[in-house]
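A.B. asks: kindly return the folded structure for what I paste below:
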Amino acid sequence: MSLNNTNQKNKSMTYIIAIAVIALLAFIAYSMANAPDRRTTGDKVGDAVDSLSGGVEDAGRALQDRTPAQRAGDAIENAGDSVERATD
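C.D. replies: Numbering: from 1, shown residues only. Got it, this is the predicted structure:
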């Protein structure tokens, strides 16, 4: 085998490993973002009480089963609403 051929095989193997690692990280991130809501009823009620200052809609949303990605989206939306109210 020539040295050039060995270098090409090493580069190919490096690309395959890099793609596998990226795919694994993407799968883990997707799984974490869509994990089931494991909050207890008490946690949900506490979150709802904390959310009352944002309105009844936010408090009601805190009582629902929501994935971490959905809760993060809610937090971003609430932050945008707060900025909008502050600039009015």
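
A.B. asks: flag every buried residue along the strand or helix carrying E77.
C.D. replies: Taking DSSP states H and E as the criterion, E77 maps to helix 68-87. Neighbour-count burial for helix 68-87 flags R71, D74 (criterion: 16 or more other C-beta atoms under 10 Å). Quick note: C-beta positions are derived from backbone N, CA and C, even for glycine.

A.B. asks: R39 in helix, strand or coil?
C.D. replies: At R39 the chain is in coil, as set by DSSP: H, G, I helix; E, B strand; the rest coil.

A.B. asks: measure it to A23 for me?
C.D. replies: According to C-beta to C-beta, to the nearest Å, R39 stands 30 Å off from A23.

A.B. asks: the two: which is more packed in?
C.D. replies: Using other C-beta atoms under 10 Å, the more surrounded residue of R39 and A23 is R39, with 16 against 10.

A.B. asks: correct me, but that one touches D47?
C.D. replies: Yes: counting by C-beta atoms under 8 Å, D47 is a contact partner of R39 at 7.2 Å.

A.B. asks: so, low pLDDT: which residues of the chain?
C.D. replies: 1-3 (pLDDT under 70).

A.B. asks: 80 instead?
C.D. replies: The model of the chain has pLDDT under 80 over residues 1-5, 54-55, 58, 78, 88.

A.B. asks: mind giving me the domain ranges of it?
C.D. replies: What automatic domain parsing lists as the domains of the chain is 1-33, 38-88.
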